[in-house]
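>>> just a sequence and a predicted model for now, questions to come.
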Amino acid sequence: MESLPTSVYVNLDPVIQPGQNLVVDLSQHISCWNDYGGWYDTDHINLVQGSAFAGSLQSYKGSLYWNNVTYPFPLTTNTNVLDIGDKTPMPLPLKLYITPVGAAGGVVIKAGEVIARIHMYKIATLGSGNPRNFTWNIISNNSVVMPTGGCTVDSRNVTVNLPDFPGSAEIPLDVYCSSEQKLSFYLSGATTDSARQVFANTAPDATKASGVGVSLMRNGKILATGENVSLGTVNKSKVPLGLSATYGQTGNKVSAGTVQSVIGVTFIYE
């Protein structure tokens, strides 16, 4: 029996939804038709067990929508049969979802990465049916962060340019969820003080300022690493974190130079 692997390149635009996050709607990328038409020698198609996520998504579980039925994914059974007997191209009724894990996590998908392999079986009505097995290698056309939680942020990497010392700047960062969730967040990163409120200056030594780091504030209060900050109930409407960055002095004397810090924000369900 002939086996035909095919590469399908897709533009990923993930969407968080209640209980599941859409990875890709393959009906936007794959269409099928019958060469004869008129339902004379109808093709009968089903997806085959062993179809699964790949690459950076390999360890994730989810669901597969196929021909009006939803199955756990990776597939542990064969799906129902889709009949195709018309010459008019028909979008393949196939969508992939991942099951959310945690609050607002994400995994980086790189352009050119295989994200799933879909195995398909086809047999026609007349004669021997010319049975065939196909493997669809689903490949991302673009680099994207795939949300793996029930909530997500509008940007995974935010660069904030501070004015001259001792100025401050707002941090444009919002979070939203597919359904109502009570959400908190906390900061992480290397700090230089016992209160864990001044993040270390990681600028190159040749241009590095001394005696100063970066602190984050919310409602006029400087936040410490690991300190839980409640956002209350978050839904589909974006909620700003209300953060601003400012300088944090670490010594009696501040010398001119570059100040740079890397600060993580982690979300948790309350």
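Sure, I can see it.

>>> and the pLDDT at the nearest residue in space to Thr207 that is not next to it in sequence?
Leaving aside its sequence neighbours, Thr207 sits nearest to Thr258 (Cβ to Cβ, 6 or more residues apart in numbering; 4.3 Å). To be clear about C-beta, it is placed using only N, CA and C from the backbone, and glycine gets the same treatment. Here the pLDDT value assigned to Thr258 is 87.

>>> now the helix or strand Leu216 falls within: mean pLDDT?
When secondary structure is defined using DSSP states H and E, the element that contains Leu216 is strand 212-218. Here strand 212-218 scores 93 as its mean pLDDT.

>>> kindly report the same for stretch 5-18.
Across stretch 5-18, pLDDT averages out at 90.

>>> ok, then the element right after whichever strand or helix holds Ser7?
Element membership for Ser7, per DSSP H and E: strand 2-10. On the C-terminal side of strand 2-10, the closest following helix or strand by DSSP H and E is strand 15-17.

>>> report all helices and strands that that following strand contacts.
Contacts defined by 3 or more Cβ pairs under 8 Å, 6 or more residues apart in numbering; DSSP states H and E place strand 15-17 against strand 20-25.

>>> the helix or strand that comes right after the strand it packs on packs against which elements?
From strand 20-25 onward toward the C-terminus, using DSSP H and E, the following helix or strand is strand 31-32. Under the contact criterion of 3+ Cβ pairs under 8 Å, 6+ apart, the helices and strands touching strand 31-32 comprise strand 90-91.

>>> paired strands for the strand it packs on, with orientation please.
Strand 90-91 has the following strand partners under DSSP bridges: strand 31-32 (antiparallel).

>>> who's in contact with the helix or strand following the strand it pairs with?
Along the chain past strand 31-32, the next helix or strand (assigned with DSSP H and E) turns out to be strand 43-47. Contacts to strand 43-47, defined as Cβ atoms under 8 Å, 6 or more residues apart in numbering, come from residues 32, 34, 64, 66, 75, 78-85, 94, 118-125, 129.

>>> mind listing what whichever helix or strand comes after the strand holding Leu216 pairs with, with the direction of each?
Heading C-terminal from strand 212-218, the first helix or strand you meet, by DSSP H and E, is strand 221-222. Listed by DSSP bridges, the sheet partners of strand 221-222 and their directions read strand 212-218 (antiparallel).

>>> the residue most central in space within the chain bridge partners, please.
When the chain is reduced to its mean C-alpha position, the closest residue under Cα atoms, centre = their mean turns out to be Met146, at 1.2 Å. Applying DSSP bridges to Met146 yields these beta-bridge partners: Val107.

>>> correct me if wrong: it contacts Lys110.
No: judged on Cβ atoms under 8 Å, Met146 makes no contact with Lys110 at a distance of 11.0 Å.

>>> dihedrals phi and psi, Ser29?
For the record, residue 29 is His, not Ser. As for His29, its main-chain torsions (degrees, to the nearest 10) stand at phi -130, psi -20.

>>> tell me who's in contact with it.
The contact partners of His29, by Cβ under 8 Å, 6+ apart, come to 8-10.

>>> separation between the nearest residue to Leu47 once chain neighbours are set aside and Phe185?
Nearest non-adjacent residue to Leu47, counting by Cβ to Cβ, 6+ apart: Thr79, 4.3 Å away. With the distance defined as Cβ to Cβ, to the nearest Å, Thr79 ends up 40 Å from Phe185.

>>> compare these two (neighbour count), which wins?
Applying other Cβ atoms under 10 Å to Thr79 and Phe185 shows that Phe185 carries more neighbours, namely 23 against 20.
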